[in-house]
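**Q** Sequence first, predicted coordinates after that:
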Protein chains: 2
Amino acid sequence: MKNRQIVIAELPGDTLRPEHFRLTEAEAPAPGEGEVQLRVILMSIDAANRSWMRGATYRAAVKTGDTMPTYAICEVVQSKSDTLAVGDIVAAEATWSDYVTLPASKAQKLPKVPQLSHLLSVYGVAGKTAYHGLISIGRPVAGEIVVVSAAAGSVGGYVGQIAKALGCRVVGIAGGPEKCRWVEEELGFDACVDYRAGGLSRALAAACPDGADVYFDNVGGKVLESALNVMNERGRVICCGAVSQYDTDAPSGPRNLPGLIVVKRLRMEGFIVMDHARDDDTCLRALRHWVESGQIKVTEDIVEGLENAPQALIGLLAGDNRGKRMVRVAADQN
Amino acid sequence: MKNRQIVIAELPGDTLRPEHFRLTEAEAPAPGEGEVQLRVILMSIDAANRSWMRGATYRAAVKTGDTMPTYAICEVVQSKSDTLAVGDIVAAEATWSDYVTLPASKAQKLPKVPQLSHLLSVYGVAGKTAYHGLISIGRPVAGEIVVVSAAAGSVGGYVGQIAKALGCRVVGIAGGPEKCRWVEEELGFDACVDYRAGGLSRALAAACPDGADVYFDNVGGKVLESALNVMNERGRVICCGAVSQYDTDAPSGPRNLPGLIVVKRLRMEGFIVMDHARDDDTCLRALRHWVESGQIKVTEDIVEGLENAPQALIGLLAGDNRGKRMVRVAADQN
């Protein structure tokens, strides 16, 4: 069985480019005892892919010659395991490939749902990250003001919609006037500020005349700096990612932090979605409620074809996605 | 009655210097109805004095022509109030002066204690800041590793001694080999790293082979950056002040923060000691216990004479103090 794989040809220094990847072909290895062979259906494309190329994070670094790891929805096509059968739909850490072979214990069987892509978007890492970060770290209450960066991105869009469902005023930050309009009109944010238009601090202050109580940070850098300026006393900053910092060799910290965090009594906290797995049932029940009541629109940005995965990631880092980006490698079988 | 006052002659841009102050003399105003006239005995000298000169913080900015405000221990010398009598010892926001006149309601009557200076050091803002920040934000437990910057300073010395009393391993950061030795030998820290010796990140990593669980930040800037590098997962960073940032026009943020706060799931939180006033009784009882049991040494750095207040502040910003700095304006009367 022919198996295409996308391998790291060279680790990027500064900006990630197509030539850092290489498409190879090999035989898909047959499963050994206790193993399964999986057909990759949908791959999650995340800014984290880029940060793994920078060194060890919460997982081992990705190196030259490695096939890019990815969280994926897959179908079991061969099984030498008692626990998984051919045709089962599973989530697993796969790679950018048509097929992967791994121990059955590393694959998590999923319920059959009408749309597999929802398992990567609202009911997947994106929706769960938005929920856990906002609820357990940000703790917003009705009437508070929530600011979220990368508002047109996978996580940011859900953060804002959840905050709206909770009764908050929600201000997004996104790149470009069209994206901002989409965030306001399609996602229902109260306002969305274009960080590419220049004068972000002033624009954000104008969009937040009563300041901000919660800031959900997906980008770091100068956007974080501007957000700190509008925080109210006892504001909470949820540190979810720093996409502006992953694709550069010259990271910058918020220069105003050491002063403002004391004067405003800010709390700033980082988290990883897996840390909150014990609350996933509550999280998924809440997300289902909001999706079914129409308070959350499921936004997905699906790129077709394994061969387009590098460009899907490069584009994501440049902010060209709207909603949760994924790559479809094969058709849903169910 | 002759009243000397130290007035801001000019607001500093970058570094604070003696010529930014001017000594003036005037008559001390007699108290009006409901007012008291106070003799200033001891003035607290704090890095915060400098930050007030930079603009509005948790209090209004200090401007050219203002007499420098100060937290002070004073004696009532004239009273037109029913609540305070001549000879009472009070705490008040005074100014750098021999005498101040203010509404009796703005002065807080203090118990007579054997040593008035203790009311500004261990039982004053320094001790309370150390206790509230460490206990309510840092929440260290026995066996954890606590790092504290400005370890020879007023707050840092108490932070480390409290953490030792709680059963933690304590590593200080201070400027110069003599100060570091004093922190280790006099205050009983397990180690103290000299940030002036260069290579702070490496030296701190060597002093913390098992990382750090709590970092009490008094300085911000590059020291904060080095401390973030050694933090363990779920580490807590207590943001108490950023003395390195007050006396400069080019503040710098920790460049490694946006990445590390997520990967390490750090919590970083600022506070102001007044916010915790409702827990002051518990705090003072604990501090008294540790002082009486010999687990906390009361370190004080008293500069004699009102006219020396500017140099006392300038020197504090350069780190020339050991323990809580104050200026004695008049002798204790009790």
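**A** Sure thing, it's come through.
**Q** what's downstream of the worst-scoring helix or strand of chain A on mean pLDDT, the next helix or strand?
**A** Scoring the helices and strands of chain A by mean pLDDT, DSSP states H and E places helix A:243-246 at the bottom, with a mean of 60. Next helix or strand after helix A:243-246 toward the C-terminus (DSSP states H and E): helix A:257-263.
**Q** Summarise which helices and strands that following helix is packed against.
**A** On a contact count with 3 or more CB pairs under 8 Å, 6 or more residues apart in numbering or on different chains; DSSP states H and E, helix A:257-263 meets helix A:221-230, strand B:231-239, helix B:243-246, strand B:267-270. The way it works is simple: take the backbone N, C-alpha and C, and place the C-beta from them, glycine included.
**Q** which of these has the lowest average pLDDT?
**A** Note on the helices and strands packed on helix A:257-263: lowest mean pLDDT is at helix B:243-246, with a mean of 60.
**Q** Show me which residues of chain A are close to chain B?
**A** A:51, A:57-58, A:217, A:220-221, A:224-225, A:239-242, A:244-245, A:251-272, A:275 (CB under 8 Å from any CB of the partner chain).
**Q** Now tabulate the helices and strands packed on helix A:257-263 in TSV and tack on distance to B:P69.
**A** Output for the helices and strands packed on helix A:257-263, formatted as TSV (distance: least, CB to CB, whole Å):
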stretch	distance to B:P69
helix A:221-230	26
strand B:231-239	23
helix B:243-246	15
strand B:267-270	21
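**Q** residues contacting the nearest residue to A:Y158 once chain neighbours are set aside?
**A** Of all residues not flanking A:Y158 in the chain, A:A130 sits nearest, at 3.6 Å (CB to CB, 6 or more residues apart in numbering or on different chains). By CB atoms under 8 Å, 6 or more residues apart in numbering or on different chains, the contact list for A:A130 reads A:155-159, A:162, A:216.
**Q** what's around A:I302, how many residues?
**A** Neighbourhood size, A:I302 [other CB atoms under 10 Å in any protein chain shown]: 16.
**Q** Take the helices and strands packed on helix A:257-263 and lay them out in JSON lines including distance to B:C283 and mean neighbour count.
**A** Output for the helices and strands packed on helix A:257-263, formatted as JSON lines (distance: least, CB to CB, whole Å; neighbours: other CB atoms under 10 Å in any protein chain shown):
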{"stretch": "helix A:221-230", "distance to B:C283": "29", "mean neighbour count": "22"}
{"stretch": "strand B:231-239", "distance to B:C283": "15", "mean neighbour count": "22"}
{"stretch": "helix B:243-246", "distance to B:C283": "23", "mean neighbour count": "24"}
{"stretch": "strand B:267-270", "distance to B:C283": "18", "mean neighbour count": "24"}
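**Q** Can you say which of the ones you listed is nearest to B:I89?
**A** helix B:243-246 (29.5 Å; CB to CB).
**Q** how's chain A carved up into domains?
**A** Here chain A is described, according to automatic domain parsing, as comprising the domains A:2-121+A:299-328, A:125-277+A:282-292.
**Q** and of these, who's closest to B:P103?
**A** Across the domains of chain A, closest to B:P103 is domain A:125-277+A:282-292 (CB to CB), at 26.4 Å.
**Q** Compare the helices and strands packed on helix A:257-263 and report which one is nearest to B:R39.
**A** helix B:243-246 (29.7 Å).
**Q** just to revisit the earlier point, and the contacts of A:A130, which of them are in helices?
**A** Using DSSP state H, A:155-159, A:162 are the members of the contacts of A:A130 that sit in helices.
**Q** Now a PyMOL select for only the buried ones of the residues of chain A next to chain B.
**A** Per 16 or more other CB atoms under 10 Å in any protein chain shown, the buried members of the residues of chain A next to chain B correspond to this PyMOL selection:
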select buried, chain A and resi 51+57+217+220+221+224+225+239+240+241+242+244+245+251+252+253+254+255+256+257+258+259+260+261+262+263+264+265+266+267+268+269+270+271+272
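**Q** Am I right that A:P103 is in contact with A:L38?
**A** No - in terms of CB atoms under 8 Å, A:P103 does not count as a neighbour of A:L38; the distance is 11.2 Å.
**Q** Look at those two and report which has more neighbours.
**A** Set A:P103 next to A:L38 and count neighbours by other CB under 10 Å: A:L38 wins out with 31 against 14.
**Q** what about that one, which SS state?
**A** With DSSP: H, G, I helix; E, B strand; the rest coil as the basis, A:L38 sits in strand.
**Q** Distance-wise, check it relative to chain B.
**A** In this view, A:L38 and chain B are 28 Å apart by CB to the nearest CB, to the nearest Å.
**Q** What is the three-state secondary structure of the closest residue to that residue other than its chain neighbours?
**A** Closest residue to A:L38 apart from its sequence neighbours, by CB to CB, 6+ apart: A:C74 at 3.7 Å. Following three-state DSSP, A:C74 is assigned to strand.
**Q** Show me where chain A has its helices.
**A** Assignment of helices within chain A using DSSP H yields the ranges A:47-52, A:125-132, A:154-165, A:177-185, A:200-207, A:221-230, A:243-246, A:257-263, A:280-292, A:309-317.
**Q** Please produce a markdown table containing the ones you listed, extended by distance to A:K324.
**A** Shown next, in a markdown table, are those (distance: least, CB to CB, whole Å):
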| stretch | distance to A:K324 |
| --- | --- |
| helix A:47-52 | 12 |
| helix A:125-132 | 5 |
| helix A:154-165 | 4 |
| helix A:177-185 | 14 |
| helix A:200-207 | 25 |
| helix A:221-230 | 20 |
| helix A:243-246 | 14 |
| helix A:257-263 | 30 |
| helix A:280-292 | 13 |
| helix A:309-317 | 10 |
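**Q** now for those helices, which one comes closest to B:F21?
**A** Among the helices of chain A, helix A:257-263 sits nearest to B:F21 (CB to CB), with 23.1 Å.
**Q** what's that closest one in contact with?
**A** A:225, A:228-229, A:231, A:266, A:268, B:51, B:57-58, B:217, B:220-221, B:224, B:239-242, B:244-245, B:251, B:253-254, B:257, B:268-272.
**Q** So for the closest residue to chain B within the stretch 51-200 of chain A, what pLDDT did the model give?
**A** In the stretch 51-200 of chain A, no residue comes nearer to chain B than A:T57, which is 5.0 Å away by CB to the nearest CB. Looking at A:T57, its pLDDT reads 70.
**Q** Surely it is in contact with A:R50?
**A** No - here A:T57 does not reach A:R50: they are 10.6 Å apart, not a contact under CB under 8 Å.
**Q** Would you mark the buried spots in stretch A:292-308?
**A** Those buried within stretch A:292-308 under the rule 16+ other CB under 10 Å are A:296, A:298-303, A:306, A:308.
**Q** Make TSV from those residues and add distance to B:L120 and pLDDT to it.
**A** Output for those, formatted as TSV (distance: CB to CB, whole Å; pLDDT from 0 to 100):
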residue	distance to B:L120	pLDDT
A:I296	55	96
A:V298	60	95
A:T299	58	91
A:E300	61	93
A:D301	60	95
A:I302	65	96
A:V303	64	97
A:L306	69	98
A:N308	67	98
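**Q** pLDDT below threshold where in chain A?
**A** A:242-251, A:333-334 (pLDDT under 70).
**Q** What separation do you get for A:E19 and A:S97?
**A** Separation of A:E19 from A:S97 (CB to CB, to the nearest Å) stands at 20 Å.
**Q** Then A:G294?
**A** Taking CB to CB as the measure, A:G294 falls 37 Å from A:S97.
**Q** Next: A:A91.
**A** For A:A91 relative to A:S97 (CB to CB), the value is 16 Å.
**Q** more neighbours, the two?
**A** Under the criterion of other CB under 10 Å, the comparison of A:A91 against A:S97 puts A:S97 first, with 26 against 19.
**Q** Now do the contacts for that one.
**A** Counting by CB under 8 Å, 6+ apart, A:S97 has contacts A:3-6, A:40, A:67, A:306, A:329.
**Q** Just flag the most distant two among those.
**A** The span of the contacts of A:S97, defined through CB to CB, is set by A:T67 and A:V329 at 13.0 Å.
**Q** more crowded one of those two?
**A** Remark: of A:T67 and A:V329, A:V329 carries more neighbours, 26 against 17, as counted by other CB under 10 Å.
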